[in-house]
Structures are given as structure tokens and as C-alpha cells.
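*Asks:* Any chance you can model this:
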Amino acid sequence: MKAVSEWKADIEPALKSKAGELRLIGYNHATAEDVWQCLEEKVWKGDPSKRLYEVVQDIFHLSSNIYMSYLTINAYQDDNLAASIAALTENDQEEINE
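*Replies:* Okay, here's the model as predicted:
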């Protein structure tokens, strides 16, 4: 048994396979890294210890609903961050112009 994060290099083929599967069902920008991040945030909270077969099983059982939820939350966070940055830079620009 190892912490999930320690298995990453060993399970890269499974991550790539899952990303390919997600692309086939319409998630055209899915990558192995996206799948890994999704699993870390949604399935493996806290970097638990697991056996190799359990980690691979989690990858292949990742549902498209969980992946879509992960993408949606990240999109909202990115939008909020972009809006916050735009507001800050806009305020800075106004101060410069004054």
C-alpha cells in the first residue's frame, strides 16, 4: 500500500486510457492530468493509502457525471478569478489615469 500520489507514475497508462474514453463521449479536451486532478479532488480527498489495483479501479470507475461536476466547478472558479483580476486591474488603471 502507498499513498495515492505515489502511484501516479505507475498508473499513467490508465489515466491516458480514461482521458481517451472521456474524449470519445464528448469531453474533447480531457487529459490524463485532468483525470488525475478530478480524482484527487472528488474521489481521493486527503491522499489516502491504497493498493495499485484499487487506484486503477477508481480511475476506470470514474463516471462522466463526476468528471463533468469537476469541470463545472473549476470553470466557475476560473470565471470568478478572471472577474476578480479584471476588477483589480481596472481599478489600478483608473488610479494611474487620475
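
*Asks:* Lys50: how many residues sit nearby?
*Replies:* 18 (other Cβ atoms under 10 Å). In short, each C-beta sits where N, CA and C put it, glycine included.

*Asks:* let me redo that: Pro13
*Replies:* With other Cβ under 10 Å as criterion, Pro13 counts 11.

*Asks:* Could you check how far it is from Ala32?
*Replies:* Distance, Pro13 to Ala32, using Cβ to Cβ, to the nearest Å: 9 Å.

*Asks:* With Val55 instead?
*Replies:* 14 Å.

*Asks:* the strands in this protein, which residues?
*Replies:* Using DSSP state E, the strands of the chain run over residues 2-3, 49-50.

*Asks:* partners of the last one, with directions?
*Replies:* To tie it back to what came earlier, the one meant is strand 49-50. strand 2-3 (antiparallel) (DSSP bridges).

*Asks:* Now do the partner strand: everything it contacts.
*Replies:* With Cβ atoms under 8 Å, 6 or more residues apart in numbering as the test, strand 2-3 has contacts from Asp47, Pro48, Ser49, Lys50, Leu52.

*Asks:* Check stretch 12-32 too.
*Replies:* Taking Cβ under 8 Å, 6+ apart as the rule, stretch 12-32 contacts Glu33, Asp34, Val35, Trp36, Val56, Ile59, Phe60, Leu62, Ser64, Tyr67, Met68, Leu71.

*Asks:* okay, now the closest residue to Ile59 other than its chain neighbours: neighbour count?
*Replies:* Nearest residue to Ile59, sequence neighbours excluded (Cβ to Cβ, 6 or more residues apart in numbering): Ala14, at 4.7 Å. Using other Cβ under 10 Å, Ala14 has 19 neighbouring residues.
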